[in-house]
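Peer 1: Take this sequence and fold it.
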Amino acid sequence: MSGWRVTQLTFGSDAGRFHAHSYYDIPVMNPEGSMLVGFETRFTGRHPEPGDAVGIGIVETDRPGSWREIGTSTAWSWQQGPMAQFVPGAREIAWNERGADGFAARLHDIASGTSRSLSRPLYAIAPDGRSGLSVNMTRLDTLRPGYGYAALPEAGAEAVRARLPEDDGVWRVPLDGAATELLLPLARAAEFLMSQLPLRERLRHRMARYHYWFNHVKIAPGGTRFTVKLRWRRLSGGWNGTQGVSLTCGMDGRDLRLLAAATSHVLWLDDRRLYFYDERRRDMPIFEDRAPRGHRVGQLGAGVITANVHLRHLPPGPPPPGKLPPRILFDTPYSEEVSLLEMGTEGGAVPLRIDSFSGHVPARGAFRCDLHPCPDASGQRIALSSMRDGGRQIYIAVREET
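Peer 2: Here you go, the predicted structure:
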């Protein structure tokens, strides 16, 4: 027995109605774990076009089949959806949408059913629920399809016209509708990176004339710093996971630091430590956020995690200072049969399989379906997206009482 019960929450694969939750590192469940926000699609197997809409809806975690649509959006991607998430400390749900002047965000009040718009899309929301961070989703989609949002060809071309724009980067977006603020321009981030690289690597960047972009913004639990991926590629060339670094920065745009290179699936453990998959060493190190660059201080899943998994620590809050969380949770993506595993962080711990999910075809590529395990605030419920019944649907794993 795994100690968990897995239940399918949404249905409709036979009728061409597919459901999933947005990315694994955002709060897709309310603090009580009673409601889960996701999105519904009516097609699969191709990239979204600018006019393709998804339904935004809520499902009650103890009522399978209770999906209820609350809105729509034409700003979404297969890997991260419309970033639909609960706003901390409020009875609101946020998701991204396509506005008259570009991509924007919508805040929906669950109780009243009313909504309002923000001028920029949201990637991450601060723990106090008062502001969020945004990046250029058109530039992201143009340079790394599958994570940003589809735009018209002329908009995509304009978004990447500059290799290193001074007027684009990570934006602070107040949730009360006040003016947005450019915290970290791409040009400043790349200039800082150059100051940290050896001469040979600096010369390679200069000669290659890379285009740079931001992705994967995450705010520390205390709300004072954020981390972001800075990536680069030639417009006519390929891209791989080693062409990027993770930076950290104060929420005031100051104190920029280099965390590490070749990082993937980066998450904050607490306000001083982060963990991620190391694309070169093929492990899951813990790094301390130091100036001017991070320092390796530990590891999660030593000898077990050797592939690029989606990992969350349990419970999802920060552990005591200097301590590890008692347990970790991760999937085994990029396979037709995907497993969800749990294990302790003490030496000698053995992974426990919570469940396995078959039917994940294609196993790789832009249209794959990752489990994206996302725990609620208590760590007793886990949101999952799987193709177990022949199409993308939302599942919930609930820890059983002993």
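Peer 1: who's Ile219 bridged to?
Peer 2: Ile219 has these beta-bridge partners by DSSP bridges: Phe226.
Peer 1: mind listing the helices for the protein?
Peer 2: 137-143, 153-159, 186-196, 199-208 (DSSP state H).
Peer 1: What are the buried residues along the third one?
Peer 2: Buried residues in helix 186-196, counting neighbours by 16 or more other Cβ atoms under 10 Å, are found at Leu186, Ala187, Arg188, Ala189, Ala190, Phe192, Leu193, Gln196. In this view, the C-beta of every residue, glycine as well, is placed from N, C-alpha and C.
Peer 1: quick one: which of the helices of the chain is nearest Arg91?
Peer 2: The stretch from the helices of the chain with the least distance to Arg91 (Cβ to Cβ) is helix 137-143; that distance is 26.1 Å.
Peer 1: and the closest one, what does it pack onto?
Peer 2: The helices and strands touching helix 137-143, judged by 3 or more Cβ pairs under 8 Å, 6 or more residues apart in numbering; DSSP states H and E, are strand 102-109, helix 153-159, strand 211-219.
Peer 1: can you list the helices of the chain in a markdown table and add distance to Ala111?
Peer 2: Output for these, formatted as a markdown table (distance: least, Cβ to Cβ, whole Å):
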| stretch | distance to Ala111 |
| --- | --- |
| helix 137-143 | 29 |
| helix 153-159 | 36 |
| helix 186-196 | 39 |
| helix 199-208 | 51 |
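Peer 1: got a markdown table for these, with mean pLDDT and distance to Ile93 too?
Peer 2: Written out in a markdown table, the entries for these read as follows (pLDDT from 0 to 100; distance: least, Cβ to Cβ, whole Å):
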| stretch | mean pLDDT | distance to Ile93 |
| --- | --- | --- |
| helix 137-143 | 96 | 19 |
| helix 153-159 | 93 | 27 |
| helix 186-196 | 98 | 30 |
| helix 199-208 | 95 | 40 |
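Peer 1: of those helices, which approaches Gly12 most closely?
Peer 2: Shortest distance between Gly12 and those, using Cβ to Cβ, is found for helix 137-143: 26.9 Å.
Peer 1: Going by distance to Ser378, which of the buried residues of helix 186-196 wins?
Peer 2: Checking the buried residues of helix 186-196 against Ser378 with Cβ to Cβ, the nearest one is Ala189 at 36.0 Å.
Peer 1: Settle this for me: the closest one is touching Arg231, isn't it.
Peer 2: No: when contacts are counted by Cβ atoms under 8 Å, Ala189 is not listed as touching Arg231 (10.7 Å).
Peer 1: looking at the helices and strands packed on helix 137-143, which is buried most?
Peer 2: When neighbours are counted by mean count of other Cβ atoms under 10 Å, the highest per-stretch mean among these falls to strand 211-219, a mean of 22.
Peer 1: of all the helices of the chain, which lies closest to Val170?
Peer 2: helix 186-196 (8.2 Å).
Peer 1: Show me what the closest one is packed against.
Peer 2: Taking 3+ Cβ pairs under 8 Å, 6+ apart as the contact cut, helix 186-196 packs with strand 169-174, helix 199-208, strand 211-219, strand 225-233, strand 244-250, strand 257-261.
Peer 1: Please repeat the previous calculation with a cut-off of 7 Å.
Peer 2: Under the contact criterion of 3 or more Cβ pairs under 7 Å, 6 or more residues apart in numbering; DSSP states H and E, the helices and strands touching helix 186-196 comprise strand 211-219, strand 225-233.
Peer 1: So what's the residue count around the residue nearest to Pro174 when sequence neighbours are not counted?
Peer 2: In this structure, Pro174 finds its nearest non-sequential neighbour in Ser131, 5.0 Å apart by Cβ to Cβ, 6 or more residues apart in numbering. The number of residues packed around Ser131, counting by other Cβ atoms under 10 Å, is 20.
Peer 1: okay if I get the helices and strands packed on helix 186-196 as CSV plus distance to Thr180 and mean pLDDT?
Peer 2: Shown next, in CSV, are the helices and strands packed on helix 186-196 (distance: least, Cβ to Cβ, whole Å; pLDDT from 0 to 100):
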stretch, distance to Thr180, mean pLDDT
strand 211-219, 14, 97
strand 225-233, 15, 98
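Peer 1: In CSV, list those along with distance to Met83.
Peer 2: As requested, the helices and strands packed on helix 186-196 are exported to CSV (distance: least, Cβ to Cβ, whole Å):
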stretch, distance to Met83
strand 211-219, 10
strand 225-233, 15
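Peer 1: Could you point out which of these sits nearest Ala75?
Peer 2: Closest of the helices and strands packed on helix 186-196 to Ala75 is strand 211-219, at 15.7 Å (criterion: Cβ to Cβ).
Peer 1: Which other helices and strands does the closest one contact?
Peer 2: In this structure, strand 211-219 packs against strand 124-125, helix 137-143, strand 169-174, helix 186-196, strand 225-233, strand 263-268, with contacts taken as 3+ Cβ pairs under 7 Å, 6+ apart.
Peer 1: what's the angle from it to helix 186-196?
Peer 2: Using axes from the mean of the first three to the mean of the last three Cα atoms, to 10 degrees, the interaxial angle of strand 211-219 with respect to helix 186-196 works out to 90 degrees.
Peer 1: where does the stretch 201-350 of the chain dip in pLDDT?
Peer 2: Under the criterion pLDDT under 70, no range of the stretch 201-350 of the chain is flagged.
Peer 1: Let me know which of the helices and strands packed on strand 211-219 is the nearest to His216.
Peer 2: In this view, these are compared for proximity to His216 by Cβ to Cβ, and strand 225-233 is the closest at 4.4 Å.
Peer 1: which residues are in contact with the closest one?
Peer 2: 124, 133, 143, 170, 189-190, 193, 210-220, 239, 243-251, 259, 266, 274, 289 (Cβ atoms under 7 Å, 6 or more residues apart in numbering).
Peer 1: Mind exporting the C-alpha coordinates of stretch 369-381 to CSV?
Peer 2: Written as CSV, here are the backbone C-alpha positions of stretch 369-381 (Å, rounded to 0.1, in the frame of the first residue of the first chain):
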residue,chain,number,x,y,z
CYS,A,369,1.6,15.4,-20.8
ASP,A,370,3.7,15.6,-17.7
LEU,A,371,2.1,14.7,-14.3
HIS,A,372,3.3,18.0,-12.9
PRO,A,373,2.6,16.9,-9.2
CYS,A,374,1.5,20.0,-7.3
PRO,A,375,0.8,19.6,-3.5
ASP,A,376,-1.7,21.8,-1.6
ALA,A,377,-0.6,23.9,1.4
SER,A,378,-0.8,20.9,3.8
GLY,A,379,1.0,18.4,1.5
GLN,A,380,-1.8,15.9,2.0
ARG,A,381,-3.3,16.4,-1.5
